[in-house]
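Enquirer: compute the structure for the input listed below.
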Amino acid sequence: MLSLLSRTKSFRDPWVGQPALNHSWQLHRRRLQLAEALCRWRRWLRPVQERQLERDGFLVVPDVLPEPTFRAVRDEVEAHLAAAQEQHPMPANARTGFQPKQPFPGGFDRYDGGTLNRFLHIDPVTLPHAAAVTRDPRLSRWSRQVIGVPMDSRKLDVYLTVHGEESRTPDLQKDLHRDTFFRALKFWLFLRPVTAEDGPFEVVPGSHRLTPERLRWEQVTANAAIRNQQQPDVSGSFRIQEKDLEALGLPAPVTLPCRANTLVLADVFAFHRRGAAQPGRERLALYGWNRPYPFLPFTW
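Expert: Here you go, the predicted structure:
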């Protein structure tokens with residue numbers, strides 16, 4: 001029963017996915033409402049206002065670092081990435097679905113279908129310029145606006161995305177989805193330009209709001225996930241078809257190509273996806289995330 005007051009989102013959990021509680025008492029809907037109410041309370045305690053972030057659920061900040069600082073970060077990360085690739089060649093994958101982490105010293109690889117995600121940990125000794133970015137006070141300010149808690153500098157990595165072949169090993173992150181049942185934060189400080197061919201981030205503006213239409217959709221989708229036990233919805237990261245957005249009063253997704261030294265930040269309760277790309281195209285970023293305990297009443 002304690003899982004009901006935790007981050008647990010999988011409907012395979014015997015309490016979170018309990019059929020009678022969801023059909024009769026709308027358990028999923030009530031968890032969403034409680035998490036949203038407590039998030040609003042945390043945000044009210046430490047108010048911050050960024051209009052675009054509040055309105056759209058995402059923020060794009062070009063030239064986020066001074067140019068000399070950005071060049072130092074980029075050159076440092078590129079050299080570190082090249083060394084990691086020489087020591088730990090990128091593995092192959094021919095299996096569909098989300099694959100487990102493959103750790104190596106200083107990082108890990110994980111496949112989403114055919115798309116490789118390579119994460120390198122930011123060690124202040126080997127990556128001092130990148131480590132300095134993790135302490136940027138703006139990150140905590142934006143984090144407070146989305147989820148009501150400051151940024152944790154340990155929740156940042158170097159992140160290389162290498163797009164895979166889609167016909168045999170589709171990437172489920174390229175389906176519109178929201179990450180979990182409560183508000184959470186992700187951001188990418190891109191170290192290389194991201195063109196339309198590189199699979200830029202796509203997001204549905206305004207879909208971070210918990211409207212009555214969204215609440216109904218969430219409970220209906222939860223009931224279907226419990227009944228059908230199909231991945232990935234049963235794991236709690238709900239997918240939605242683009243044609244179904246209009247029924248929720250939502251617009252089409254927007255695509256966010258950008259120059260290098262651009263920060264893209266989003267509330268990932270909003271519907272979003274990784275854009276389509278040709279196999280082998282890459283994105284390189286400093287990546288951060290903040291997925292708080294959803295039922296936390298106070299912040300610091």
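Enquirer: ok, longest strand in the protein?
Expert: strand 282-290 (DSSP state E).
Enquirer: what comes up buried for it?
Expert: Residues 283, 284, 285, 286, 287, 288, 289, 290 are the ones in strand 282-290 that count as buried (16 or more other C-beta atoms under 10 Å). In short, each C-beta sits where N, CA and C put it, glycine included.
Enquirer: now these as a markdown table including distance to residue 134?
Expert: Converted to a markdown table, the buried residues of strand 282-290 look like this (distance: C-beta to C-beta, whole Å):
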| residue | distance to residue 134 |
| --- | --- |
| 283 | 19 |
| 284 | 16 |
| 285 | 13 |
| 286 | 8 |
| 287 | 11 |
| 288 | 8 |
| 289 | 12 |
| 290 | 12 |
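Enquirer: for these, give me TSV that also has pLDDT and distance to residue 105.
Expert: As requested, these are exported to TSV (pLDDT from 0 to 100; distance: C-beta to C-beta, whole Å):
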residue	pLDDT	distance to residue 105
283	98	24
284	98	20
285	98	22
286	98	20
287	98	19
288	97	22
289	97	22
290	96	26
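Enquirer: and which of those is nearest residue 75?
Expert: residue 284 (12.2 Å; C-beta to C-beta).
Enquirer: that closest one and residue 146, how far apart?
Expert: In this view, residue 284 and residue 146 are 24 Å apart by C-beta to C-beta, to the nearest Å.
Enquirer: helices of the chain, residue ranges please.
Expert: Assigned by DSSP state H, the helices in the chain fall at 19-25, 27-45, 51-56, 67-87, 128-133, 137-147, 212-228.
Enquirer: now the longest one and strand 282-290, what's the angle there?
Expert: Per axes from the mean of the first three to the mean of the last three C-alpha atoms, to 10 degrees, the angle that helix 67-87 makes with strand 282-290 is 110 degrees.
Enquirer: so which elements touch helix 67-87?
Expert: Helix 67-87 is packed against strand 115-121, helix 128-133, strand 156-162, strand 282-290, with contacts defined by 3 or more C-beta pairs under 8 Å, 6 or more residues apart in numbering; DSSP states H and E.
Enquirer: ok so, going back, counting by contacts, list what the longest strand of the chain packs against.
Expert: Applying 3+ C-beta pairs under 8 Å, 6+ apart, one finds that strand 282-290 contacts helix 67-87, helix 137-147, strand 156-162, strand 185-190.
Enquirer: what comes into contact with the last one?
Expert: In other words, strand 185-190. Strand 185-190 has contacts (C-beta atoms under 8 Å, 6 or more residues apart in numbering) with 64-65, 133, 139, 142-143, 146-147, 151, 159, 179, 201, 258-268, 283-291.
Enquirer: quick one: average confidence on that strand?
Expert: The average pLDDT within strand 185-190 is 98.
Enquirer: cool, the third one as well?
Expert: In this model, strand 156-162 carries a mean pLDDT of 98.
Enquirer: perfect, that will be all.
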